[in-house]
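*Asks:* turn this into a model:
(one chain, ligands or ions: 1)
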Amino acid sequence: MIYTLTFTCTPEEAQSTEFIQQMLLRECGKEYPYFRWKKRSIDARSRNIKINVTLEYSKEPLPPRVRNFSFHKVNKSPEIHIVGAGPAGLFAALKAILLGYKPVIFERGKNVRARRRDLALIARHQVLNEESNYCFGEGGAGTYSDGKLYTRSKKRGEVDLILEILVHFGADENILVDAHPHIGTNKLPKIIENIRECILAQGGEIHFNSQLTGLRTAKHKVTHLEINGQKWIPTQHVILATGHSARDVFYTLHREGIKLLAKPFALGVRVEHSQELIDRIQYHGRVNDQFIPPASYSLVEQVEGKGVYSFCMCPGGIIAPCATKNGEVVTNGWSPSKRNNPYANSGIVVAIDPSDFSNPEDPFVCLDFQKMVEKTCHDATGNNQKVPGQRLLDFVEGRQSVDFPRSSYTPGIESVRLDLLLPSFVAHRLQKAFRAFDRKMPGFLTNDAVVHAPESRTSSPILIPRDREKLHHVEITNLYPCAEGAGYAGGIVSAAIDGIKCMGAIADIN
Ligand SMILES: Cc1cc2nc3c(=O)[nH]c(=O)nc-3n(C[C@H](O)[C@H](O)[C@H](O)COP(=O)(O)OP(=O)(O)OC[C@H]3O[C@@H](n4cnc5c(N)ncnc54)[C@H](O)[C@@H]3O)c2cc1C
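*Replies:* Predicted coordinates for the structure are as follows:
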């Protein structure tokens, strides 16, 4: 029999095994030799920071936390073509193997290890490889991401399945316990490699440096996939999991007459404070405390009819250069597993809607806007991957910054009046929101913080419409637009869930 006990304790107590044993003895009247965390969250709303804990305990050894996955041998099974080896593509492939299908993945980028060298080139020499970068390559945008695993999905079963699969492939079991689980950029690549090895060992295929460049359709079906502009591959079922940065894919679909729609997304800047300041604000002056994690924040404000909100906040993280084409700049952020960098960064973005423009029916209206802002920011510095920056208070009060504190953005920043450079309906709302955020988190609006621009790849600016139940494209019945690039996910966990769902939908009709 497994029992649970829920209680609240101090951060120090939560790290003491003796305290936990005493707690069990006091609450249950006897000693239990087997116990472990079931859930854990931090409550920092008051000065008295508390840890909310649920413990599970038993007289017998506790069962493994992770279920047994039986991956089948699929060498001779029917093939499923998956385009993109991001979280969606990889989890679709694992699901295919669990269901007895053979996944064949086409990925434009390189494997995780080779990809790492290309990321170093961006940081050190501002040289961008358009096929191998923070967004493209094995593991997708998820690999060198923060690995924050929280999602707005309320379907606990689906989320637990993804977390358990990640643990099966090497993630720490704590991700099953923490209210805000996080893996860290340094640990994700190994997990991705383990997933790849499983797919290959079971008989699946992964083709790197293999970009989908075209497709042929007939009678509402995709009949062939073109890879690298060279060979045409006949196909039965295609999961299209190419992420939100694969603009070429949107153009390819459009050229083939496949229906697309403009989709709301969000765009703004990435702001960086010192982590110490964020800890001081969020933890009521308690800083450098080994018992509590680096603090995060989540902010939202309605400004003149539009939401302005923080996005992908990275405690102890760095700002990363995430462009996929030369002639554009894009920022995003990540943290290592220990979140031990001295910086705290977050996207602060304004909701953008097709109706903001005069031609909302044009499927590319939001994408064109996103491209325009990324190019404008690039041209403002004239350097390939440097980004325009402004101290936060200077941005809000409309002043050129004369110098900068240290920034984690290694390609560098150049002083630009972002309040004038960004489209005025964005800049103006950001200015107002920053003032409001300072009322919620006094001290947030400081000239010791720096805004970097742009934060523009928050979600896909295009929706690839699909049947609500069968999940295939509304007109092309064997094409499964999947996850973030198609507009059905935002983040690692929801992308992985959608990959699994699309594969499940294919199995249902077979
Ligand atoms: C720096 C950074 C930090 C992030 N931090 C987090 C975080 O902490 N938590 C979180 O939940 N999310 C985070 N995200 C977002 C997360 O990574 C994405 O939501 C997620 O990866 C989307 O998964 P996906 O499989 O839909 O697409 P992607 O991960 O974008 O994968 C798409 C794949 O398709 C490939 N591809 C594209 N076009 C083609 C083509 N034509 N042919 C063949 N292959 C193609 C790409 O190379 C890529 O590998 C972060 C993103 C970045 C960039």
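
*Asks:* okay, now the nearest residue to Pro181 once chain neighbours are set aside: neighbour count?
*Replies:* Take Pro181 and drop its neighbours on the chain: the residue closest to it by C-beta to C-beta, 6 or more residues apart in numbering is Ile175, 3.8 Å away. All C-beta atoms are positioned from the backbone trio N, CA, C, and that covers glycine. Counted with other C-beta atoms under 10 Å, residues neighbouring Ile175 total 18.

*Asks:* what's the answer for Gly243, then?
*Replies:* There are 26 residues near Gly243, going by other C-beta under 10 Å.

*Asks:* report the contact partners of it.
*Replies:* Gly84, Gly86, Ala88, Cys135, Phe136, Gly140, Ala141, Ala483, Glu484, Gly485 (C-beta atoms under 8 Å, 6 or more residues apart in numbering).

*Asks:* swap in 7 Å and give it another go.
*Replies:* Applying C-beta atoms under 7 Å, 6 or more residues apart in numbering, we find Gly243 in contact with Gly84, Gly86, Cys135, Gly140, Ala141, Glu484, Gly485.

*Asks:* before we move on, the earlier item: pretty sure the residue nearest to Pro181 sits in a helix.
*Replies:* Yes - the assignment for Ile175 (DSSP: H, G, I helix; E, B strand; the rest coil) places it in a helix.

*Asks:* can you pull out the strands in the stretch 351-500 of the chain?
*Replies:* Assigned by DSSP state E, counting those that start in this stretch, the strands in the stretch 351-500 of the chain fall at 387-391, 413-415, 450-455, 462-463, 479-481.

*Asks:* would you mind listing what in the stretch 51-200 of the chain touches the ligand?
*Replies:* Counting by C-beta under 6 Å from any ligand atom, the stretch 51-200 of the chain comes close to the ligand at 83-89, 106-109, 134-137, 140-142, 145-148.

*Asks:* hmm, back to that, so the residue nearest to Pro181 sits against Leu149, correct?
*Replies:* Yes - judged on C-beta atoms under 7 Å, Ile175 makes contact with Leu149 at a distance of 5.8 Å.

*Asks:* okay, and the common contacts of the two?
*Replies:* Going by C-beta under 7 Å, 6+ apart, residues that sit against Ile175 and also against Leu149 are Leu163, Pro181, Ile183.

*Asks:* for the closest residue to the last one other than its chain neighbours, give its distance to Val300.
*Replies:* Looking back up the chat, that one is Ile183. Of all residues not flanking Ile183 in the chain, Gly147 sits nearest, at 3.2 Å (C-beta to C-beta, 6+ apart). As judged by C-beta to C-beta, to the nearest Å, Gly147 and Val300 stand 23 Å apart.

*Asks:* neighbour count winner among those two?
*Replies:* Higher neighbour count among Gly147 and Val300: Gly147, with 24 against 12, using other C-beta under 10 Å.

*Asks:* how about the more buried one, what does it touch?
*Replies:* Contacts of Gly147 (C-beta under 7 Å, 6+ apart): His182, Ile183, Gly184, Thr185, Leu188, Ile492.

*Asks:* same thing but at 6 Å, please
*Replies:* Shown in contact with Gly147 (C-beta atoms under 6 Å, 6 or more residues apart in numbering): His182, Ile183, Gly184, Leu188.

*Asks:* in ChimeraX, select just the buried ones from the residues you listed.
*Replies:* To isolate the buried members of these in ChimeraX, using 16 or more other C-beta atoms under 10 Å:
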select :182,183,184,188
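
*Asks:* looking at the contacts of Gly147, which gets the smallest pLDDT?
*Replies:* Among the contacts of Gly147, Gly184 carries the weakest pLDDT, at 87.

*Asks:* what's the closest non-adjacent residue to that residue?
*Replies:* Ser337 (2.7 Å).

*Asks:* the one you found against Thr185, yeah?
*Replies:* No - in this structure Ser337 lies outside contact range of Thr185 using C-beta atoms under 6 Å: 7.8 Å.

*Asks:* pLDDT at Leu119, what is it?
*Replies:* At Leu119, pLDDT is 94.

*Asks:* actually Lys386, sorry about that
*Replies:* So, for Lys386, pLDDT stands at 95.

*Asks:* what distance do you get for it to the ligand?
*Replies:* Look at Lys386 and the ligand: by C-beta to the nearest ligand atom, to the nearest Å, they are 18 Å apart.

*Asks:* double-check the residue nearest to Pro181 against Ile165; I have them as touching.
*Replies:* No - taking contacts as C-beta under 6 Å, Ile175 lies outside contact range of Ile165: 10.8 Å.

*Asks:* so what's Thr4 up against?
*Replies:* Contacts for Thr4 were tallied using C-beta under 6 Å, 6+ apart; they are Thr54, Glu56.

*Asks:* secondary structure element for it, which one?
*Replies:* Element membership for Thr4 (DSSP states H and E) is strand 2-9.

*Asks:* so after that strand, what's the next helix or strand?
*Replies:* Counting by DSSP H and E, what follows strand 2-9 is helix 11-14.

*Asks:* so Thr54 belongs to a strand, correct?
*Replies:* Yes - under three-state DSSP, Thr54 sits within a strand.

*Asks:* residue contacts, it?
*Replies:* Thr4, Thr6, Lys38, Lys39.

*Asks:* try Thr10
*Replies:* If you count contacts by C-beta under 6 Å, 6+ apart, Thr10 has none.

*Asks:* equivalent analysis for Pro61, please.
*Replies:* Listed by C-beta under 6 Å, 6+ apart, the contact partners of Pro61 are Tyr34.

*Asks:* now it, what's its secondary structure?
*Replies:* coil.

*Asks:* again, but for the one 10 residues further on
*Replies:* Per three-state DSSP, the local secondary structure of Phe71 is coil.

*Asks:* the one 10 residues further on now?
*Replies:* At His81 the chain is in strand, as set by three-state DSSP.

*Asks:* any chance of JSON lines for the contacts of Thr54, columns distance to Ile462 and pLDDT?
*Replies:* Converted to JSON lines, the contacts of Thr54 look like this (distance: C-beta to C-beta, whole Å; pLDDT from 0 to 100):
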{"residue": "Thr4", "distance to Ile462": "45", "pLDDT": "95"}
{"residue": "Thr6", "distance to Ile462": "44", "pLDDT": "95"}
{"residue": "Lys38", "distance to Ile462": "41", "pLDDT": "95"}
{"residue": "Lys39", "distance to Ile462": "38", "pLDDT": "95"}
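
*Asks:* show me where the stretch 151-300 of the chain has its helices.
*Replies:* 156-168, 188-201, 247-255, 275-282 (DSSP state H, counting those that start in this stretch).

*Asks:* write out the residues of the stretch 351-500 of the chain neighbouring the ligand.
*Replies:* Ala483, Glu484, Gly485, Ala489, Gly490, Gly491, Ile492, Val493, Ala495.

*Asks:* just the C-alpha atoms of stretch 336-355, please, in CSV.
*Replies:* Provided in CSV are the C-alpha atoms of stretch 336-355 (Å, rounded to 0.1, in the frame of the first residue of the first chain):
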residue,chain,number,x,y,z
PRO,A,336,21.7,25.5,-17.9
SER,A,337,20.3,22.8,-15.5
LYS,A,338,21.8,24.6,-12.5
ARG,A,339,20.5,28.0,-13.6
ASN,A,340,23.6,29.5,-12.3
ASN,A,341,24.4,32.3,-14.7
PRO,A,342,24.2,35.8,-13.1
TYR,A,343,21.4,36.9,-15.5
ALA,A,344,17.6,36.6,-15.7
ASN,A,345,16.1,37.1,-19.1
SER,A,346,12.6,37.0,-20.5
GLY,A,347,10.7,37.8,-23.7
ILE,A,348,8.3,40.7,-23.2
VAL,A,349,5.9,40.5,-26.1
VAL,A,350,2.8,42.2,-27.5
ALA,A,351,0.0,40.1,-29.0
ILE,A,352,-0.1,40.5,-32.8
ASP,A,353,-3.3,39.7,-34.7
PRO,A,354,-3.9,39.5,-38.5
SER,A,355,-6.6,42.1,-38.0
